[in-house]
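Novice: take this sequence and fold it.
(4 chains)
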2 protein chains.
Amino acid sequence: MKPSVVTIEPNGHFCSDCAVRDAAVCSSLDPAELREFEHLGRRVHFAASGTAFSEEDITTSFYNVLEGVMRLHKLLPDGRRQIVGFALPGDFLGMNISGRHNFSADAIVAVTVCQFAKAAFGRFIETRPHLLRRINELAIRELSHARDHMVLLGRRSADEKVAAFLLGWRERLSSLGGSSDTVSLPMSRQDIADYLGLTIETVSRTFTKLERRGVIEIIHGGISLLDPAQVEALAAA
Amino acid sequence: MKPSVVTIEPNGHFCSDCAVRDAAVCSSLDPAELREFEHLGRRVHFAASGTAFSEEDITTSFYNVLEGVMRLHKLLPDGRRQIVGFALPGDFLGMNISGRHNFSADAIVAVTVCQFAKAAFGRFIETRPHLLRRINELAIRELSHARDHMVLLGRRSADEKVAAFLLGWRERLSSLGGSSDTVSLPMSRQDIADYLGLTIETVSRTFTKLERRGVIEIIHGGISLLDPAQVEALAAA
DNA sequence: CGCGCCTTTGACACGCGTCAAAGAGAGTGG
DNA sequence: CCACTCTCTTTGACGCGTGTCAAAGGCGCG
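Specialist: Numbers count the residues shown, from 1 in each chain, chains lettered A, B, ... in the order given. So this is what the prediction gives:
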């Protein structure tokens, strides 16, 4: 693990300018609350492959992803890794019961987050049930994704996993920017493998197989869906 | 799927008598609130293998499990099944974003639940942020379990899956009743297989293998951990 | 007793993991 | 600008773990 290269901006940022303002946890706040909320968070940058927190760390902050892509993962004692999710702008990290993050989070590309001290955030939320409701919504949505992913991990073949991943990732990207048949994949093959419960070789072979069939095209930094309908058929719902 | 055999008790139950009162979502309510809450829920019984709801159903109720064991699962179009969890007394079901349950729930043994109409429950919670906080806690705990289970499904061998399952199930039972090295398994081998992302044959063979090694003993309706330390070693953390 | 369902056991097959090596870019220094 | 290295990806050969298919228990229930 590389040392986390972190830059903390002095200040001077406003929630009203924030790119994820309407998507993130803060969408539940009214303008007056936003001005107060502004003082709680500070922007923090992580360089690519920097670590925001590790699974055994005590939780001292919450994070709102503003920009970039993060990898959320857990390790077994012998080093086997499972990526439990990718975090994109608008995602909120740090909720837990145990007082520890139960997964590690690091930057796949350069990442900007809005960081909140746990205590101050806790105090703020105390009197804002609508913010709590918003956080609850995000948690429940995550839970639903987690259950979908369990089905993928437990019951799908390698081909289905890869096809479902490509569609799911395209879906997430399109909910951020414009939708497109060109899907950018900022994560490595190893990351994809660890997300899908496969080996890197199987992921690579499956990509190649799909390309040979003319279903996708492997391009630099991603893939292009030449035949989206076929990919959906392969994903088996 | 068998028809859901359901019995609804006329009334006459009180939260103050409730077995899960301190463990469930209602632990956040004070005595006065409990008396009001009492009128919102009604006890419903499901016979073994009865269905409480299916994944495509519109959510009209929330459920608080009072007694018994439920199986929460999702199906792929071709019939492959993944069990995403087992619900025990104290578990709260029905939270979702989409307006639909995204998994099915049915009774493994006779089950009693406390059922709440969605609208009435929503109104009640509106003015009780502490209840919302409690629900949020339960959701976050579920999410943490879901992520642990992803690691199991994606990265563990059959032996490790079975060993981890036995320990995890014992853990859950012991948090309800007294802890013991005798672990009751009310679910079928098929259920265990669908929970662990294995086939019934592999589960059966793994049980037999563990028994031959003297690590467990297969008894009627469960297993006995003869050598818990060995099981923990097999589970690989 | 006999029927039906669940579990166990066995033989075999195959998908995916493992091991190994070659290819392909990106960054660095001469 | 090219050679060199490092890392990531791709490809190939092979083997194993787990799935598949089939049949024989085992147990409850009518």
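Novice: can you give me the strands for chain A?
Specialist: In chain A, the segments counted as strands under DSSP state E are A:6-8, A:41-46, A:51-53, A:61-67, A:70-75, A:81-87, A:92-93, A:104-107, A:111-117, A:182-184, A:216-219, A:222-225.
Novice: could the ones you listed go into TSV alongside mean neighbour count, distance to A:Ala24 and mean pLDDT?
Specialist: Every C-beta, even on glycine, is put in place using the N, C-alpha and C of the backbone. As requested, those are exported to TSV (neighbours: other C-beta atoms under 10 Å in any protein chain shown; distance: least, C-beta to C-beta, whole Å; pLDDT from 0 to 100):
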stretch	mean neighbour count	distance to A:Ala24	mean pLDDT
strand A:6-8	12	19	69
strand A:41-46	20	11	94
strand A:51-53	21	16	97
strand A:61-67	21	5	97
strand A:70-75	22	14	98
strand A:81-87	22	11	98
strand A:92-93	22	7	98
strand A:104-107	24	16	97
strand A:111-117	22	8	96
strand A:182-184	17	21	96
strand A:216-219	16	30	97
strand A:222-225	18	25	97
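Novice: same list (these) but as a markdown table, adding distance to DNA strand C.
Specialist: Listed next are the strands of chain A as a markdown table, based on distance: least, C-beta to the nearest atom of the strand, whole Å:
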| stretch | distance to DNA strand C |
| --- | --- |
| strand A:6-8 | 19 |
| strand A:41-46 | 18 |
| strand A:51-53 | 21 |
| strand A:61-67 | 19 |
| strand A:70-75 | 15 |
| strand A:81-87 | 12 |
| strand A:92-93 | 28 |
| strand A:104-107 | 16 |
| strand A:111-117 | 17 |
| strand A:182-184 | 14 |
| strand A:216-219 | 9 |
| strand A:222-225 | 12 |
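Novice: among those, which is nearest B:Glu211?
Specialist: Judged by C-beta to C-beta, the one of the strands of chain A that comes nearest to B:Glu211 is strand A:81-87, at 29.2 Å.
Novice: nearest to DNA strand D, out of the strands of chain A?
Specialist: strand A:216-219 (5.1 Å; C-beta to the nearest atom of the strand).
Novice: that closest one: partners in the sheet, and parallel or antiparallel?
Specialist: Under the criterion DSSP bridges, strand A:216-219 sits next to strand A:222-225 (antiparallel) in its sheet.
Novice: pretty sure A:Arg133 contacts A:Ser28?
Specialist: Yes. Counting by C-beta atoms under 8 Å, A:Ser28 is a contact partner of A:Arg133 at 6.9 Å.
Novice: packing partners of whichever helix in chain A runs longest?
Specialist: Criterion DSSP state H: the longest helix present in chain A is helix A:129-155. Counting contacts by 3 or more C-beta pairs under 8 Å, 6 or more residues apart in numbering or on different chains; DSSP states H and E, helix A:129-155 packs against strand A:81-87, helix A:118-126, helix A:158-174, strand B:70-75, strand B:81-87, helix B:129-155.
Novice: count of neighbours near A:Ile58?
Specialist: In terms of burial, A:Ile58 registers 10 neighbours under the definition other C-beta atoms under 10 Å in any protein chain shown.
Novice: what do you get for A:Ala47?
Specialist: 16.
Novice: need the contact list for A:Lys161.
Specialist: A:Leu152, A:Leu153, A:Leu196, A:Gly197, A:Leu198 (C-beta atoms under 8 Å, 6 or more residues apart in numbering or on different chains).
Novice: any chance of the residues you listed in TSV, plus pLDDT, neighbour count and distance to DNA strand D?
Specialist: TSV is the format used below for these (pLDDT from 0 to 100; neighbours: other C-beta atoms under 10 Å in any protein chain shown; distance: C-beta to the nearest atom of the strand, whole Å):
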residue	pLDDT	neighbour count	distance to DNA strand D
A:Leu152	98	23	14
A:Leu153	98	23	12
A:Leu196	99	24	13
A:Gly197	98	24	12
A:Leu198	98	22	12
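Novice: quick one: those as a markdown table, columns for distance to A:Glu55 too.
Specialist: What follows is the contacts of A:Lys161, written out as a markdown table (distance: C-beta to C-beta, whole Å):
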| residue | distance to A:Glu55 |
| --- | --- |
| A:Leu152 | 22 |
| A:Leu153 | 19 |
| A:Leu196 | 20 |
| A:Gly197 | 18 |
| A:Leu198 | 22 |
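Novice: intersect these with the contacts of DNA strand C.
Specialist: With the criterion set as C-beta under 7 Å from any atom of the strand, the members of these near DNA strand C are A:Gly197, A:Leu198.
Novice: surely A:Phe46 is in contact with A:Ala105?
Specialist: No. Look at A:Phe46 against A:Ala105 with C-beta under 8 Å: they stay out of range, at 9.2 Å.
Novice: what is in contact with the two at once?
Specialist: Joint contacts of A:Phe46 and A:Ala105 (C-beta under 8 Å, 6+ apart) are A:Ala52.
Novice: who's in contact with A:Arg147?
Specialist: Listed by C-beta under 8 Å, 6+ apart, the contact set of A:Arg147 reads B:Lys74, B:Val84, B:Asn102, B:Phe103, B:Ala146.
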